[in-house]
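Asks: sequence below, structure please.
(4 chains)
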Number of protein chains: 2
Amino acid sequence: MNEDVFAALADPTRRRLLELLAGGEEPVGAVTAALQAHHPISQPAVSQHLKVLLAAGLVSVRAEGTRRFYALEPRGLEPARRWLAHLGDPLQAFAGPLDALATEVARGRRARRAATPSAGQQDAGQRDAGQRDAG
Amino acid sequence: MNEDVFAALADPTRRRLLELLAGGEEPVGAVTAALQAHHPISQPAVSQHLKVLLAAGLVSVRAEGTRRFYALEPRGLEPARRWLAHLGDPLQAFAGPLDALATEVARGRRARRAATPSAGQQDAGQRDAGQRDAG
DNA sequence: TCCATCCATAAGTATCAACTTGTAGATTGA
DNA sequence: TCAATCTACAAGTTGATACTTATGGATGGA
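Replies: Numbers count the residues shown, from 1 in each chain, chains lettered A, B, ... in the order given. Take a look at the predicted model:
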C-alpha cells in the first residue's frame, strides 16, 4: 500500500528479515538469532526493522503469549513489482502520473529540434519552471 | 549487477528520473527541467542522483557535444525483479542462501527448549552455536 | 580568442536513519 | 506474588545522504 516500499527494501538487514520470513512466520527471537549468526545486532534493532517493514505493509504480526510472530505479507510487495514491471513496459506505463513530466520532456525535445540554437533552451526551462504547457 | 539497486531505488527523485528516462534517452538539462516542474532542485543535485543510478547500473551515458544523454538500463533492474520474484515463490527460492539461516532459526528453537539459562537469554543462543540435534 | 552553455566535482550543511544501552509492559510459571 | 522471558519504546550517538552554492573543464559558435 505504501510507496515507501522501496525505502523499506533498501536496507539489507530488512531484506534478510523478509527472506527469513518467507519460510513461514517466526517470533522476533528466532529471526534475531538468525541475524546474529551473520553479524552482531541487538534485539531492539531487529524490532525497529520489523516496525519499518510493518509500516510498509511488507509483514504482519500475530501475538501468541509473550511472543509476536511476524509473517511475510506478499501483497505488500506488489507496488514494487508493479513499478518495476511498468518501467520495463514504458509504452503504456505511467501515463497518468508522468503526464506532466512527459510533457516537459517532450517540450525539451521539441525545443532541441526546432531550436534556433543560438538561444539556450534549458536555461529558460530552469528559470521559467513555472509555465506549463498543459495540453 | 549491483545489489545496491534497492538503495538506488529508495529515493523518490531517482525513481522519477528512471521514469523520465523510460521514455528514451535524455540530456541532463531536460530531466532537470522536468524535475523542476515538480519541485525545486538544483542541477548538481540531479547530476549526483544520476551518478548514483549509474553506479547501480540502472542508467547508461552517452556524450554528444557538450551534452550527456542518460538512458534507462533495463537490465540493471533485473536483480531487483529477481529478488522480488523469489520472495513471492518461497518454495524453492533462497533454498541455498537461507539454508544456514534456517538452520540457525531451528537451532534457536531447540536452544530455547533445551536451554539451561543461567545468565543471558538469546545472547547464549548465538554463542552456543555448537550443539547439533540431528532429529 | 572570447564567451556562452552544459555538466561534473568540491566543499560544507543539515536531515535522516541505523544502531546502541537502558527500561518498561505483558505474559507465563513457580 | 515473585522471577523470568519476550518484545517494544525512549533517548542519545554516529555515519550516511540529499541538498546547497561555488567553481572548473569541455565543447561549440561568433
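Asks: all contacts plus neighbour counts: C-alpha atoms, from now on.
Replies: Fine.
Asks: what comes up buried for the strand or helix carrying residue A:71?
Replies: Assigned by DSSP states H and E, residue A:71 falls within strand A:67-72. With burial defined by 16 or more other C-alpha atoms under 10 Å in any protein chain shown, the residues of strand A:67-72 counted as buried are A:68-72.
Asks: what's the closest of those to residue B:44?
Replies: Of all the buried residues of strand A:67-72, the one sitting nearest residue B:44 is residue A:72; the distance, using C-alpha to C-alpha, is 39.3 Å.
Asks: that closest one is in contact with residue A:59, isn't it?
Replies: Yes. Under the criterion of C-alpha atoms under 8 Å, residue A:72 lies in contact with residue A:59, with a separation of 4.5 Å.
Asks: between these two, what contacts are shared?
Replies: A shared contact of residue A:72 and residue A:59, defined by C-alpha atoms under 8 Å, 6 or more residues apart in numbering or on different chains, is any residue touching both; here these are residue A:18.
Asks: where exactly do the strands run in chain A?
Replies: Assigned by DSSP state E, chain A shows strands spanning A:26-27, A:59-64, A:67-72.
Asks: can I get these in JSON lines with mean pLDDT?
Replies: Putting the strands of chain A into JSON lines (pLDDT from 0 to 100) gives the following:
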{"stretch": "strand A:26-27", "mean pLDDT": "98"}
{"stretch": "strand A:59-64", "mean pLDDT": "98"}
{"stretch": "strand A:67-72", "mean pLDDT": "98"}
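Asks: could I get these as a markdown table with distance to residue B:48?
Replies: As requested, the strands of chain A are arranged in a markdown table below (distance: least, C-alpha to C-alpha, whole Å):
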| stretch | distance to residue B:48 |
| --- | --- |
| strand A:26-27 | 40 |
| strand A:59-64 | 33 |
| strand A:67-72 | 34 |
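Asks: closest to residue B:39 out of those?
Replies: Between residue B:39 and the strands of chain A, the shortest gap by C-alpha to C-alpha is with strand A:59-64, which sits at 32.5 Å.
Asks: what pairs with that closest one, parallel or antiparallel?
Replies: Taking DSSP bridges as the criterion, strand A:59-64 pairs within the sheet with strand A:67-72 (antiparallel).
Asks: mind exporting the C-alpha coordinates of the partner strand to CSV?
Replies: As requested, C-alpha coordinates have been extracted for strand A:67-72 and formatted as CSV (Å, rounded to 0.1, in the frame of the first residue of the first chain):
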residue,chain,number,x,y,z
ARG,A,67,5.8,-13.8,21.6
ARG,A,68,4.9,-11.9,18.5
PHE,A,69,5.0,-13.9,15.3
TYR,A,70,5.9,-11.9,12.2
ALA,A,71,5.0,-13.2,8.7
LEU,A,72,5.7,-12.1,5.2
